[in-house]
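Asker: Have a look at this prediction, sequence included:
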Amino acid sequence: MKSVRDIRQLLGAQLRDIYSAEHQLVKALPRMAKKASHPNLAQAFKNHLRETEGHVARLDEIGLELELRLKGKRCVAMAGLIEEGKEVIAGEDSGYDTDAQLIAAAQRVEHYEISAYGTARTLAELLNLGRVAELLRATEDEEAAADDKLTQIANSDLYPSQSDVEVQTQAAAEETDFITVVPPLM
Ligand SMILES: [Fe+2]
């Protein structure tokens with residue numbers, strides 16, 4: 001794997017995979033937004049849907065620039081990640097526990113995409129494809145920002161604060177103190 005041709009082929013394969021992943025996500029995000037209970041989470045999914053449509057547009061531009069056909073591959077990793085998310089969406093439960101599960105599923109997706117874009121951008125840089133690398137970097141940054149936003153929503157809107165956890169842990173420990181241990185009959 002040293003020739004420019006080989007690296008270009010690898011970049012093409014990576015881009016086809018990402019193209020499929022983004023298209024799958026465009027279909028999945030509206031369902032995640034609908035299932036989310038907390039308005040901040042629903043809004044974050046809606047915002048990321050708009051961004052994801054932009055990611056597809058950037059890939060279309062890259063396909064034109066490189067004269068590559070990006071359609072025709074199915075990203076099985078994204079299909080699996082979305083399948084896991086569907087288990088949460090199909091469940092009857094809703095509320096903040098479900099929101100936390102949606103965030104867990106969505107952050108797996110974001111990390112997959114950050115990794116995929118990082119690889120593709122590195123290959124584009126190796127090939128001195130400045131405009132392509134720039135477009136890939138822009139999307140990579142938006143994926144990272146979307147991931148940070150989900151962490152922020154989880155920490156500020158869904159998870160208990162550290163002090164709440166300490167109070168609850170203390171209360172649970174005190175409850176345990178009241179359990180009387182009955183010695184076994186001889
Ligand atoms: Fe994306």
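Answerer: That came in fine, so what should we check first?
Asker: which residues does Gly118 contact?
Answerer: Counting by Cβ atoms under 8 Å, 6 or more residues apart in numbering, Gly118 touches Glu140. Placement of C-beta: from N, CA and C, glycine included.
Asker: where's it relative to Phe45, distance?
Answerer: 23 Å (Cβ to Cβ, to the nearest Å).
Asker: quick one: the helices in the chain?
Answerer: 4-35, 39-66, 76-90, 96-126, 130-153, 162-177 (DSSP state H).
Asker: If you count contacts, what does the third one end up packed against?
Answerer: Spelled out, that is helix 76-90. Here helix 76-90 touches helix 4-35, helix 96-126, going by 3 or more Cβ pairs under 8 Å, 6 or more residues apart in numbering; DSSP states H and E.
Asker: got those as CSV, with distance to Ala57 columns?
Answerer: Converted to CSV, the helices and strands packed on helix 76-90 look like this (distance: least, Cβ to Cβ, whole Å):
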stretch, distance to Ala57
helix 4-35, 10
helix 96-126, 15
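Asker: I'd like to know which of these lies nearest to Ala171.
Answerer: helix 96-126 (20.0 Å; Cβ to Cβ).
Asker: what is the mean pLDDT for that closest one?
Answerer: Helix 96-126 shows a mean pLDDT of 96.
Asker: which parts of that helix are buried?
Answerer: Across helix 96-126, burial judged by 16 or more other Cβ atoms under 10 Å covers 98-103, 105-110, 112-114, 116-117, 119-121, 123-124.
Asker: Stretch 11-23 too?
Answerer: Buried residues in stretch 11-23 (16+ other Cβ under 10 Å): Leu11, Gly12, Gln14, Leu15, Arg16, Asp17, Ile18, Tyr19, Ser20, Ala21, Glu22, His23.
Asker: Could you pull up the residues touching the residue of the chain found nearest the ion?
Answerer: Relative to the ion, the nearest point of the chain is His55 (3.7 Å; Cβ to the ion). Applying Cβ under 8 Å, 6+ apart to His55 gives the contacts Glu22, Thr139, Glu142.
Asker: ok, back up a step: for the helices and strands packed on helix 76-90, could you give me JSON lines that also reports distance to the ion?
Answerer: Listed next are these as JSON lines, based on distance: least, Cβ to the ion, whole Å:
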{"stretch": "helix 4-35", "distance to the ion": "5"}
{"stretch": "helix 96-126", "distance to the ion": "5"}
